[in-house]
Each structure stands twice: as C-alpha cells, then as structure tokens.
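Visitor: sharing a sequence plus its predicted fold:
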Amino acid sequence: PRSSLPRLTLPRAAYGFVLVTMALVSLTAGLFLYSRAGDLADQALDQAVRLRTQAAAAAYARAIHEDWSDLTYLAAEAGRGDLDRVRGLMDGMRGDGTRISWIGWAGTDGVVRTASDGLLDGADVSARPWFRNGLRGGFAGDVHEAVLLASLLPETETGEPPRFIDLALPVRTTEGEAAGVVAVHIDFDWATRFLSETADSLGLDLFLIGADGSVIAATTGERPTTAELQILRAARAGTATATRETWPDGNDYFATLLPQVGYDDLP
C-alpha cells in the first residue's frame, strides 16, 4: 500500500534541514539571551548595592564628622582656659542628650576639669582609651559600653547599658603647651537610628561590623556570625568585598563590605 505521507524529495529535505537549523539557532539564541539577561541583571543589582552602600557609609561618616567639627572648635576654645565659656559650649553641644551623651575636658593629669551638666567633674579618666589616645592626637574609638557614666545616665530603650562612640582631641594653650583632652561620647542608639533611617531611604539592609567580624548593629535585628557568612569573615581581613551568597534565612543576597568609613579629617 502507498504511504499517505508526502514523498521525500531533495528540495523537501533541504527545506526541512533549514527549518530545523533555524529552530535550533533560535533556541540557542534564546537561551543565550536569557542567560545574558540574567547576568546583566545580576551585574546591575551588584552595582546598585555597591553604590548605595557607599552612599550609606558616606552619610554616616558625614553625620559623625559634624560632631568632630564641633569638637575641633571646642578644643581651640578650651586652650584659651575660660572654663565657664567651655562649659556653656559643652551644654549647647549636648542639647537634649539624644545624640551626645557626654562632653568633657580633662587636664593632662587625667582629671575632668569641666563637663556637660557637670557629669564626672573631678573624676579621674586617665585610664580611659579616649584620654590616652587623645593626648597623642585625634582619636575615634570603637563602640563600647558605658563605664564611668553607666550609673549616671538613664537606661536605654532596650534596657541595655548605654553604648558610645568616642571622639577625642588634644587641647593646647595659645602658647602651644599641652592642656589636656576634650572628648565627646556619641550615643550609639542615635547612630543605630541613623543607620535604620538611611537603610529605609536607600532600600537596603545595613550592618555595622566590628574589626573581628562581629555585627555591632543591624537594621534587620538579625546578628549573623562569621561562621555563617563569608562576607563577615572578610571584615576581619579589612578588604573591600562584594558577594552574592546564601544568608541564614535561606535566601541569596548581594552584599558589599566597605572596610573603612570616614569623611574629610575624621579619624
């Protein structure tokens, strides 16, 4: 019996070959473009995270630099030796205490000569890192819990001890002689709120990382560890890093690590 299918001829075979080839080429091109589009999207997301993280770091550093500028002015005024004027400037800088917890001037012997609201007047601060480092030059310290001020300041919203960022500068008289150290304690709760507001405006999750890779502050409330994330381990090496990795919640995220946060002459 004769087949119902059309008889295969050379032209028909050629047309069929061309159609199959075109289909394969189209499929290959489609897969390539799909893969390429995915790569381009990943590159765009990675670049967006890098740029927004840099913007967040710059905003954070500029905010703290405002206090550094005020402290620079205060150091110059303290060098003139007018205690009443210096105390007035300190009280004005501290304001309602929501950003600045304490400002003080300690002499070269480590005894506080005057401070905002009289807190720690006459106290010996010679063992504090901000004093020892401040005698040598401009100093910005790591986040730490309150020590001498722990019992003098109200509890934080979380009930935890207050935490500070310390800034310190040496004081010199108009003749250039050493006259002590001025220092400011920035309330770390304010710094955390600033990071949260910045994260919301930029559409990011922000984490402040210590030199040991530990999370000091997080806008998500989560505290991943170096055992869980490669990017936190990179913080200990102090190298700029950008990754895409799986976080403890099981999702993949793009992340950027900036090893240095600074602005202008802020240490």
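Guide: Looks like it came in fine. Numbering: from 1, shown residues only.

Visitor: next SSE downstream of the strand or helix carrying Gln43?
Guide: Assigned by DSSP states H and E, Gln43 belongs to helix 10-78. Counting by DSSP H and E, the next helix or strand C-terminal to helix 10-78 is helix 83-94.

Visitor: buried set for that following helix?
Guide: Applying a neighbour-count criterion of 16 or more other Cβ atoms under 10 Å, one finds Val86, Arg87, Leu89, Met90, Met93, Arg94 buried in helix 83-94. (C-beta placed from N, C-alpha, C; glycine too.)

Visitor: go on, stretch 139-151?
Guide: Phe139, Ala140, Gly141, Val143, His144, Ala146, Leu149.

Visitor: retrieve the pLDDT associated with the first one.
Guide: Confidence at Phe139, expressed as pLDDT, is 96.

Visitor: who touches it in this structure?
Guide: Residues in contact with Phe139 (Cβ atoms under 8 Å, 6 or more residues apart in numbering) are Pro129, Trp130, Asn133, Asp166, Leu167, Ala168, Leu169, Pro267.

Visitor: which of these sit farthest apart?
Guide: Using Cβ to Cβ, the contacts of Phe139 reach their maximum pairwise distance at Pro129 and Leu169, which is 14.1 Å.

Visitor: more crowded one of these two?
Guide: Using other Cβ atoms under 10 Å as the criterion, Pro129 and Leu169 rank with Leu169 on top: 23 against 14.

Visitor: quick check: bridge partners of that one?
Guide: When assigned by DSSP bridges, Leu169 has beta-bridge partners Val182.

Visitor: neighbours around the nearest residue to Gly104 once chain neighbours are set aside, how many?
Guide: Nearest non-adjacent residue to Gly104, counting by Cβ to Cβ, 6 or more residues apart in numbering: Ala115, 3.4 Å away. Using other Cβ under 10 Å, the number of residues around Ala115 comes to 25.

Visitor: re the thing from before, now rank the contacts of Phe139 by neighbours and give me the top one.
Guide: Ala168 (29 neighbours).

Visitor: kindly state the pLDDT recorded for that residue?
Guide: Taking Ala168 on its own, its pLDDT is 98.

Visitor: now do the contacts for it.
Guide: By Cβ under 8 Å, 6+ apart, the residues touching Ala168 are Leu71, Trp130, Phe131, Asn133, Gly134, Gly138, Phe139, Gly141, Val181, Val182, Ala183, Val184.

Visitor: that one and His185, how far apart?
Guide: Distance of Ala168 to His185, given as Cβ to Cβ, to the nearest Å: 10 Å.

Visitor: surely the residue nearest to Gly104 and Ile103 touch.
Guide: Yes - using Cβ atoms under 8 Å, Ala115 makes contact with Ile103 at a distance of 6.5 Å.

Visitor: find residues that contact each of those two.
Guide: Met90.
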